[in-house]
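Chemist: sequence unknown, structure follows:
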């Protein structure tokens, strides 16, 4: 689904990302961890063609992201609050994203019903603009917005941060369900080792832009990672 | 207090020099600086000249008395200008609240800082030279200078009233109605409203002791403002964001256009729900009246080359004012648009349709210009077709080079309407205005008026027919500039 070839990114001569080869197959729950400055967001930005690679390429469905826009139907992302449109209501935001993916308002309305438990009654029919929502509630909207139209790949940067405990738990099962029912590929970065090891079946650990560990999850993964980070 | 002042000055300096395209901004700042300087100097000269003008026009009257008759309009205009342009420096005190600084001191700082506003300087620059000239010509009198200080106190009162009436449009409307009503009553119906107020000001001049009343008034307003601010100095009061009412939710007529409709709906909502966008669109309304300056004067009617400017502004006000900030309007969420299922072509097309639509609306609204004759109307329609087909495309093209982000829901400050404006835009404004004049003038020069209009219409239609090809070409530039634009837009979030 996603392949990178000798992908590097430099800022002022300093390499912030250096990935020799990385392949993420369809349907994988891919977890990305690493301390601040490890290159997680840089990787996501390269993947979404938001920054220019110093060398190398990213391919989504065999389309080079920097050469054509044909990859856009396959992927969606929620990186931070700037992915929301502050002057829209939640419903208008969802309708807008729906319209970009060929869904009518009626279709979006009936689709959204399945996510009401995740919203916990705080999101829909609120009669206020997205810019007036709290950070946590904005995040809920952004995450669900990224699911609209069932894209094949969904990128979530730090989805657990700012969420209340109940929503964190619901998010974990939501991601698993989406992956199981639709075969969605998830790329998730997180600082929360417990959550990420619980959700993902493959963990990649970045350090200063390079892959330090690339492991299939087992029962000992969490221990192993905790060990690494405590040193 | 001095420390806080110095610190915030240092922070704004850093903010400026670390902003994207700060070199261009610096150039613009210098231009704006000149503009402010121009106004200050203009007021200064008006202040110096006022005495001589009044003595020449009304030799038998005391200049101060004449000023007194009219000065209520100055203070009224002052209140209105403050309502529209002055932002009391209240919002940036949040960080001070939890520091060990007494609230009284924070409030004193806010009030003191507000006195440095440019609006207060206008009064000083206008009245100080006036009183100096008066003293030189007529000799120094106590009454002139006590009058001067009374006027300064009133300016200060206005300054603090600005806090009390901030965001309250009823006061602004009331002031406007009072001035207009007073003028009509006074000069058309002979009801002495304005002159009664004039007598009050005159009393200040004749009997300097009255200044104590003004002083008490000033102190009362000052105290009220301080009390008001103290009550508002909580996160859930004056420092909170007001909950807004949802407007423009019903735009279902655009649904038929699919994804394009979705984008257009966003743009319409952007315009009606964000302070910054509303301000810009309001300017468009003023552009509609631009023709009144030209069409009412005989000299211009003989020179259609100049009238083209009017026609371009009337029909293209929106393409110029709104168009120059494309794509900066979407700067707050540009990353999302770039990674969603939306290609550049579709995005640009929606913007083009919006601009073209605005030209049609402007043309309909300009129909009253028919009053000035068929020729004027033909000229406006010709300019409209040019803007519809080509002007909108030129605006989109220039937008590719504008990478200065825009904060949507923040008011532009007085003399600071420059965010998102840069020199490149300034340079692009030239073809936007000169091109239509050339397109008209060359055939006009050789073949006459109708040929000139045909020139405008054919180039407009040409742009319209080849819009997809031209758009494809513009799209390539946007693609090329994509990373640069994104980097600049994302900088504002930090």
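Modeler: Cool, the structure landed. All figures in this text were calculated on a predicted structure; none of them were measured in a lab.
Chemist: next one: the top helix by length along chain B to chain centre, how far?
Modeler: The longest helix of chain B (DSSP state H) is helix B:22-57. What separates the centre of helix B:22-57 from the centre of its chain is 17 Å, taken as CA atoms, centre = their mean, to the nearest Å.
Chemist: Next secondary structure element downstream of that helix?
Modeler: helix B:63-85 (DSSP states H and E).
Chemist: That next one - contacts with which helices or strands?
Modeler: In terms of contacts (3 or more CB pairs under 8 Å, 6 or more residues apart in numbering or on different chains; DSSP states H and E), helix B:63-85 is packed against helix B:22-57, helix B:118-138, helix B:142-165, helix B:169-188, helix B:194-206. Glycine gets a C-beta too; all of them are placed from N, C-alpha and C.
Chemist: Count the residues that sit near the closest residue in space to residue B:453 that isn't next to it in sequence.
Modeler: Using CB to CB, 6 or more residues apart in numbering or on different chains and skipping residues adjacent in sequence, the residue nearest residue B:453 is residue B:382, 4.2 Å away. Neighbourhood size, residue B:382 [other CB atoms under 10 Å in any protein chain shown]: 26.
Chemist: Can you name the residues that contact residue B:382?
Modeler: B:311, B:440, B:452, B:453, B:456, B:457, B:460 (CB atoms under 8 Å, 6 or more residues apart in numbering or on different chains).
Chemist: Residue A:117 too?
Modeler: Contacts of residue A:117 by CB under 8 Å, 6+ apart are residue A:170.
Chemist: hang on, it is in a helix, isn't it?
Modeler: Yes: assigned with DSSP: H, G, I helix; E, B strand; the rest coil, residue A:117 falls within a helix.
Chemist: Which single residue of chain A ends up nearest chain B?
Modeler: Of all residues in chain A, residue A:99 sits closest to chain B, with a separation of 3.3 Å (CB to the nearest CB).
Chemist: hang on, that residue packs against residue B:261?
Modeler: Yes: using CB atoms under 8 Å, residue A:99 is in contact with residue B:261, at 6.8 Å.
Chemist: Tell me how far the closest residue to residue A:216 other than its chain neighbours lies from residue A:213.
Modeler: Leaving aside its sequence neighbours, residue A:216 sits nearest to residue A:202 (CB to CB, 6+ apart; 5.8 Å). Separation of residue A:202 from residue A:213 (CB to CB, to the nearest Å) stands at 11 Å.
Chemist: Ok, residue B:84 next?
Modeler: 60 Å.
Chemist: contacting residues around the closest residue to chain A within chain B?
Modeler: Residue nearest to chain A within chain B: residue B:262 (3.3 Å; CB to the nearest CB). If you count contacts by CB under 8 Å, 6+ apart, residue B:262 has them with A:95, A:96, A:98, A:99, A:100, B:254.
Chemist: try 6 Å this time
Modeler: A:96, A:99 (CB atoms under 6 Å, 6 or more residues apart in numbering or on different chains).
Chemist: With the one 3 residues further on instead?
Modeler: Residue B:265 sits next to B:251, B:254 when contact means CB under 6 Å, 6+ apart.
Chemist: which SSE is residue A:155 in?
Modeler: With DSSP H and E as the test, residue A:155 turns up in strand A:153-157.
Chemist: and that strand, average pLDDT?
Modeler: For strand A:153-157, mean pLDDT is 95.
Chemist: contacts for it?
Modeler: A:44, A:74-79, A:146, A:184-189.
Chemist: if you set the cut-off to 8 Å instead, what comes out?
Modeler: Contacts of strand A:153-157 (CB under 8 Å, 6+ apart): A:1-2, A:40-41, A:44, A:47-48, A:60, A:74-80, A:143, A:146-147, A:178, A:184-189.
Chemist: Kind regards, and thank you for your time.
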